[in-house]
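Chemist: model the following, please.
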Amino acid sequence: MYQLPSPFDGIGITYMHYFAKKENFSKLDIPLNKSAGRFSSRARERLSTVLQTAKELVSIEDAVKALGVDRQTAAKTLARWQQQGWLKRVGPGLYAPVPVDAMTSEQVLKDPWVLVPALYAPGYIGGWTAAEHWDFTEQLFRSIFVFTAQPFRKKEQSVQGVSFVLKRIPKDKIFGTKSIWRGQARVQIADKHRTIVDLLADPESGGGIRHVESCLWHYFKDSEADTNILIQYAEKLGNGAVFKRLGFLLSQKPGNETWIDLCGQRLTQGNAKLDPALPSQRLVKAWRLWIPKTWTVGRGDD
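Modeler: Below you'll find the model as predicted:
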């Protein structure tokens, strides 16, 4: 097999594009599976053209554009290349190039984040995954948490051996996100402030209220922390439980009186739970919040 020059050490999906170039493609020597049959020079050129058009993932639209064929022909072509072992299907009409160093095609993606815009748009990475990204926690989570406006049947999904946890969100509530580049794919992720607001709106998305509280205090140590933005985001999201949980957590430490007052002014009617997943027998009337017996309360909260 052709030996890559040193700049290409650590072959991955990115380097499939190196071989997509006509002058390099002939150097590629990958054993095809038994169903592959011959892979002609013409077929290699066509695959080369598609890979140069696509980014991290290959869609039917990429094949239509690159090959100048209709959708049905493009879909059949990609399906055939999958059978021959050159591509791996990762979603409806969506394929990933099989890396040249792959021992198996069962898991071909080096960075599963690139699947989020392809499979779950409009949406963004949030919850515990965003908290990890912004260094609000040292805890590692196996699943990638995604907020999406798409309907879905299963909250937990596995794609290419990677676990995704989904939460439905109205399209008009998608705000406070940032675009980051992962390889050639642009991925939306909750910014630091939206990350915290999402955790407060749904503690399950942060791994539970204890972990959410830890992320909150890490957020306040961040140079970009801004309680004004937290309040603006919470108002725009329109979830009254955010102010109840934020106000209560802020009241656990001294020196937050101004922000505590702002949260108190925005309390909605009715009682919420500090963490809906936990038994909560004690009502903190000041915050209209049910809390577990194991939690202490700040002075004047009862």
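
Chemist: going forward, measure contacts and count neighbours with C-alpha atoms only.
Modeler: Noted.

Chemist: K110: which element?
Modeler: Counting by DSSP states H and E, no helix or strand carries K110.

Chemist: and it, how many neighbours?
Modeler: Counted with other Cα atoms under 10 Å, residues neighbouring K110 total 13.

Chemist: ok, E224 next?
Modeler: When neighbours are counted by other Cα under 10 Å, E224 comes out with 10.

Chemist: could you pull out the strands in this protein for me?
Modeler: Along the chain, the segments classed as strands by DSSP state E run 58-59, 87-91, 94-97, 123-125, 144-148, 156-159, 162-168, 177-182, 185-190, 272-273, 282-284, 289-291.

Chemist: need the ones you listed in CSV with distance to D70, can you?
Modeler: Compiled in CSV, those are given as follows (distance: least, Cα to Cα, whole Å):
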stretch, distance to D70
strand 58-59, 13
strand 87-91, 19
strand 94-97, 16
strand 123-125, 29
strand 144-148, 30
strand 156-159, 27
strand 162-168, 32
strand 177-182, 30
strand 185-190, 25
strand 272-273, 54
strand 282-284, 62
strand 289-291, 58
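
Chemist: as CSV, the ones you listed with distance to W259 and mean neighbour count would be great.
Modeler: Shown next, in CSV, are the strands of the chain (distance: least, Cα to Cα, whole Å; neighbours: other Cα atoms under 10 Å):
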stretch, distance to W259, mean neighbour count
strand 58-59, 48, 23
strand 87-91, 45, 21
strand 94-97, 47, 24
strand 123-125, 28, 26
strand 144-148, 28, 25
strand 156-159, 36, 14
strand 162-168, 29, 18
strand 177-182, 24, 14
strand 185-190, 22, 22
strand 272-273, 20, 20
strand 282-284, 18, 17
strand 289-291, 17, 21
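
Chemist: any chance of the ones you listed in TSV, plus mean pLDDT?
Modeler: Converted to TSV, these look like this (pLDDT from 0 to 100):
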stretch	mean pLDDT
strand 58-59	85
strand 87-91	81
strand 94-97	83
strand 123-125	98
strand 144-148	98
strand 156-159	91
strand 162-168	95
strand 177-182	94
strand 185-190	94
strand 272-273	97
strand 282-284	95
strand 289-291	96
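
Chemist: for those strands, which one sits closest to R80?
Modeler: Closest to R80 of the strands of the chain, according to Cα to Cα: strand 87-91, at 8.9 Å.

Chemist: by contact count, what packs against the closest one?
Modeler: helix 71-83, strand 94-97 (3 or more Cα pairs under 8 Å, 6 or more residues apart in numbering; DSSP states H and E).

Chemist: how far is the shortest one from where the chain is centred?
Modeler: So the one you mean is strand 94-97. 18 Å (Cα atoms, centre = their mean, to the nearest Å).

Chemist: pull the residues that contact that strand.
Modeler: Strand 94-97 has contacts (Cα atoms under 8 Å, 6 or more residues apart in numbering) with 13, 16, 56-60, 78, 86-90, 108-109, 118.

Chemist: any idea which of the helices and strands packed on strand 87-91 is most buried?
Modeler: Burial of the helices and strands packed on strand 87-91 is given as mean neighbour count (mean count of other Cα atoms under 10 Å); strand 94-97 ranks first at a mean of 24.
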